[in-house]
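>>> I'll drop the sequence and a predicted model, then ask my questions.
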Amino acid sequence: MMKRSVISFFLIMIVLLSGCAAQSAKNTPDDSQIVGSVPTVEASPSDSQPASTLPAGTPLDDSKVVGSMSLEYAKQFQVDYLAGGCDLITINEGSRFLLVPEGKTPPSNMDKDITVLHQPVEKIYLAATSAMCLFDALGSLDNISMSGTKADGWYIENAKVAMENGKITYAGKYSAPDYEMIMSNGCSLAIEDTMISHSPEVQKKLEDVGVPVWIDRSSYEPHPLGRTEWIKLYGLLVGKEDQAEKLFDEQAAYLDSIPSDNTGKSAAFFYISSAGSAVVHKNGDYLTKMIELAGGNPAFTNLGDDSATGSANLDMETFYADAKDADVIIYNSSIDGEINSLKELLAKSPLIADFKAYKSGNVWCTNKNLFQQTTEFGLMISDMHRIFTGDADGKDQLNFLYRLK
């Protein structure tokens, strides 16, 4: 499904004699040189067997690219399948990894900048919190032995239980890992998020002691489901590609089921900081795009161009002017904890009593686990759409949002 129909009988026989079994994939690779100095073999632009103009008996080098992973939304990584059965992973900050199946050996002409990972990839130190739910959905928490987040910092129940039971150990946060623990546990890979760029000395020290560092760039994906699609990459890492693709397809189906028509409803997504300002998301941020994909219109439209990501702090006067006429209020509880009533919301800002959404009873709150559930962004968008269309009234409880009363 994800990888490798038979390229052709004679090619397979040749590759079997030379090392890893030849496999193909459903995407056509580009013409660029990926590994070593041997040019790649072109695959056909369809799922059919690639056309070959090679004379019979021509050796097929095991470092040649014969296909690539099919991606719908993700832009921050790519995977090329090699003739020898290995997989070349490129992450867009510039790092490359060669994933070598158990019992296989990497190509002899591999470029020196490529980091080799041997399957099974186990004893992972996971400092990228967004990736935990992906491992959990794949049933692969056993591949993780150390975490950069303590047990009480997880809203993913299986991760929390694994830490409480000692199956996953806290090994220090990303900026101050316990190097001795990481080394003594035989860590095969440290998965960091982009915050590691603020502590380059940590990455260097991990690499100096022989621990490869993989930077999860899912937060840079321009489309919300681009973040979810990273499950395909982690599925490849733990040998569960088919399961990963199925899980992704389920989320894509939620999005596909939403009509493209705009509902005309505007939504203010925010939380009130301890300093009393309103923290909202910029125009190009994934949460703003989720509102748009759900058929809504973000209330805050003057926070940078469409490429601007992340959050912004608004004084209450500006916040009031932009959000008072919004049809829907969604309070973000992931930072300062869930609230359970309109009274609690007004305690944070009495101004909200004047808002249109407050007066109409269209005030909602997120569950705390919103940002640790990258695997279900399609379902989250579906929840938002149900709110915008009024379909959440009198129906089954939503998955990530609840109404404040």
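Right, received. Where do you want to start?
>>> where do the helices sit along the stretch 201-350 of the chain?
224-228, 230-237, 241-256, 286-293, 316-323, 342-348 (DSSP state H, counting those that start in this stretch).
>>> Pro101 - how many residues pack around it?
Pro101: 16 surrounding residues under other Cβ atoms under 10 Å. For every residue, glycine as well, the C-beta is placed using N, CA and C.
>>> State the pLDDT value of it.
Pro101 is assigned 95 on the pLDDT scale.
>>> From what I see, it and Gly84 are in contact.
No: Pro101 is beyond contact range of Gly84, at 9.3 Å (criterion: Cβ atoms under 8 Å).
>>> Can you give me the distance of Ala347 to Asn340?
For Ala347, the distance to Asn340 (Cβ to Cβ, to the nearest Å) stands at 12 Å.
>>> Quick one: classify Leu351 as helix, strand or coil.
On the three-state scheme (DSSP: H, G, I helix; E, B strand; the rest coil), Leu351 is labelled helix.
>>> What score does the closest residue to it other than its chain neighbours have for pLDDT?
Distance criterion Cβ to Cβ, 6 or more residues apart in numbering; nearest residue to Leu351, sequence neighbours excluded, is Tyr320 at 5.4 Å. At Tyr320, the predicted lDDT confidence score is 95.
>>> likewise Ser32?
36.
>>> residue contacts, the closest residue to Gly148 other than its chain neighbours?
Spatially, and ignoring its direct neighbours in sequence, Gly148 is nearest to Ala127 (3.2 Å; Cβ to Cβ, 6+ apart). Counting by Cβ atoms under 8 Å, 6 or more residues apart in numbering, Ala127 makes contact with 147-149, 173-174, 177, 190-193, 196.
>>> In TSV, list the helices of the stretch 201-350 of the chain along with mean neighbour count and distance to Asp111.
Below are the helices of the stretch 201-350 of the chain laid out as TSV (neighbours: other Cβ atoms under 10 Å; distance: least, Cβ to Cβ, whole Å):
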stretch	mean neighbour count	distance to Asp111
helix 224-228	25	27
helix 230-237	25	20
helix 241-256	17	24
helix 286-293	22	33
helix 316-323	17	50
helix 342-348	15	54
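>>> Just tell me which of the ones you listed ends up closest to Glu164.
Nearest of these to Glu164, taken as Cβ to Cβ: helix 230-237 at 23.2 Å.
>>> Output stretch 342-357 as PDB, restricted to C-alpha atoms.
Taking C-alpha atoms only, stretch 342-357 is exported to PDB below (Å, rounded to 0.1, in the frame of the first residue of the first chain):
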ATOM      1  CA  LEU A 342     -19.200  31.100  32.200                       C
ATOM      2  CA  LYS A 343     -18.600  32.500  35.700                       C
ATOM      3  CA  GLU A 344     -15.000  31.300  35.700                       C
ATOM      4  CA  LEU A 345     -14.500  32.800  32.300                       C
ATOM      5  CA  LEU A 346     -15.900  36.200  33.400                       C
ATOM      6  CA  ALA A 347     -13.500  36.000  36.400                       C
ATOM      7  CA  LYS A 348     -10.700  36.200  33.900                       C
ATOM      8  CA  SER A 349     -12.200  39.100  32.000                       C
ATOM      9  CA  PRO A 350     -15.600  40.700  32.800                       C
ATOM     10  CA  LEU A 351     -15.500  42.400  29.400                       C
ATOM     11  CA  ILE A 352     -16.600  39.100  27.800                       C
ATOM     12  CA  ALA A 353     -20.100  39.600  29.200                       C
ATOM     13  CA  ASP A 354     -20.600  42.200  26.500                       C
ATOM     14  CA  PHE A 355     -19.600  39.800  23.700                       C
ATOM     15  CA  LYS A 356     -22.200  38.600  21.100                       C
ATOM     16  CA  ALA A 357     -21.200  35.000  21.600                       C
END
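>>> Show which residues not belonging to it make contact with it.
With contacts defined as Cβ under 8 Å, 6+ apart, stretch 342-357 is touched by 268, 272, 276, 278, 316, 319-320, 323-329, 331, 339, 358, 363, 365, 404-405.
>>> Could you pull up the mean pLDDT of it?
Mean per-residue pLDDT for stretch 342-357: 96.
>>> Any idea how far that stretch is from the middle of the chain?
34 Å (Cα atoms, centre = their mean, to the nearest Å).
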